[in-house]
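> Following is a predicted model, sequence given first.
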Amino acid sequence: MNASRLSWAAGVGVLLCANLALAETVLERVAARNKFVIAHRESSIPFSYLDADKKPVGYAVDLCLRIADVVRKKTGKAGLQVEYLMVTPATRMAMIEQGKADVECGPTTNNAERRQKVAFTIPHFITGARLLVKATSKVERIEDLEGKKLVSTKGTTPLKAAEQANRERLLRINIVEAPDHAKAVEMVESGEADAFVMDDVLLFGLASSRPNPAALKVVGKFLTTEPLAVMLPKNDPEFKKLVDDEMRRLIVSKEIYPIYDKWFLKPIPPKNAPLNMQVSYLLKDFWKYPTDQVPF
């Protein structure tokens, strides 16, 4: 065989290996390595964050552990291990796309743009983006930030919404990116930024964890509507159905409500203080007919 044919044969072999890798389902991958990998966040209180012992905890993490239970039964792997992988808003999608994590458990918005690359199950929360400012600030809405500095976290939908509003309304806001939520809050506290735009439930959670929560407040109307859901790999209908069925069962049976209460109504780490956020009417209505189909 001459060099050109050898090169062609090698190329075909690489393509075949790539196709086989792509054909591997999540359940096959999990069974083969005997571990289920949950992507989690560092500071997304109360959905997914690290407690004082650096252990991943949170509302979304608890839901993903329920998903891990049904995966364990489906694969027949009684000793299936759960492994955690910390991600950021900028890296979370890549970790799912590359198969380095099997699910991403955090406050991730299910929207049309992201559904081009990944899949989502039934939303576990519905929120919207608002502003976190100092308690002494006179800012009450995004229009009040004209000529001021607004921070948001890289790779998030509130950042894109703020940028769009800034362009369309000619607000002349100086919008900057932070690598994570914790850094963005620090920028507001230090005066490096005048406001932080993010999902309001995250803002309440972040503020409650700061040394002086009373020094911060959440203001403004919703800039966005954010249906938050567990993120999954795309084009794996068997795995998606397994996750959807478990989420639907938790909602219809109302087993999800004690999990919700644990993280939104009862004292939680790190301050052992409650967020006191009841299930919203919007979420209650959505859960009457639980579906992964969202109009965004």
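That came through, no problem.
> buried set for stretch 179-194?
Judged by neighbour count (16 or more other C-beta atoms under 10 Å), stretch 179-194 contains these buried residues: D180, H181, A182, K183, A184, V185, E186, M187, V188, E189, A193, D194. Using the backbone N, CA and C atoms, a C-beta is placed for each residue, glycine as well.
> Contacts only, for V176.
With contacts defined as C-beta atoms under 8 Å, 6 or more residues apart in numbering, V176 is in contact with K149, L150, V151, M187, A193.
> ditto for L27
So L27 contacts V71, K74, T75, E238, F239, L242 (C-beta under 8 Å, 6+ apart).
> If we use 6 Å, what do you get?
Applying C-beta atoms under 6 Å, 6 or more residues apart in numbering, one finds that L27 lies in contact with T75, F239.
> so how far is V252 from it?
As judged by C-beta to C-beta, to the nearest Å, L27 and V252 stand 24 Å apart.
> For whichever helix or strand K160 is part of, name the packing helices and strands.
For K160, the host element (DSSP states H and E) is helix 157-169. Counting contacts by 3 or more C-beta pairs under 6 Å, 6 or more residues apart in numbering; DSSP states H and E, helix 157-169 is packed against strand 149-153, strand 195-199.
> Would you mind listing the outside residues contacting the helix or strand just after the last one?
Read that as strand 195-199. Next in sequence after strand 195-199, counting helices and strands by DSSP H and E, comes helix 200-208. Helix 200-208 has contacts (C-beta under 6 Å, 6+ apart) with 44-46, 107, 127, 130, 132, 181, 185, 213, 216, 218, 271, 273, 275.
> And stretch 77-89, by the same measure?
34-40, 42, 56, 68, 72, 95, 101, 153, 155-156, 180.
> Helices - which of the residues you listed land there?
Here DSSP state H is the test, and the contacts of stretch 77-89 give A68, R72, M95 as lying in helices.
> tally of neighbours for the first one?
Just to be clear, that refers to A68. 21 (other C-beta atoms under 10 Å).
> Next, work out how far apart it and E238 are.
Separation of A68 from E238 (C-beta to C-beta): 16 Å.
> Relative to K234, how far out is the residue lying closest to K154 once chain neighbours are set aside?
The shortest distance from K154 to any non-neighbouring residue, by C-beta to C-beta, 6 or more residues apart in numbering, is to E177 (4.4 Å). Distance of E177 to K234, computed by C-beta to C-beta: 26 Å.
> For S280, grab the count of nearby residues.
Around S280 there are 13 other residues, counting by other C-beta under 10 Å.
> so where's the protein uncertain?
Within the chain, the segments meeting pLDDT under 70 span 1-23, 296.
> Show me how it divides into domains.
The chain breaks down by automatic domain parsing into domains covering 24-126+227-288, 129-224.
> Go through those domains and name the closest to V294.
domain 24-126+227-288 (4.6 Å; C-beta to C-beta).
> contacting residues around stretch 56-69?
With contact meaning C-beta under 6 Å, 6+ apart, stretch 56-69 is reached by 36, 38, 40, 46-49, 51, 82, 84, 103, 105-106, 124, 243, 246, 259, 263.
> Please check those residues and keep the buried ones.
Burial by neighbour count, judged by 16+ other C-beta under 10 Å, picks out 36, 38, 40, 46-49, 82, 84, 103, 105-106, 124, 243, 246, 259, 263 from those.
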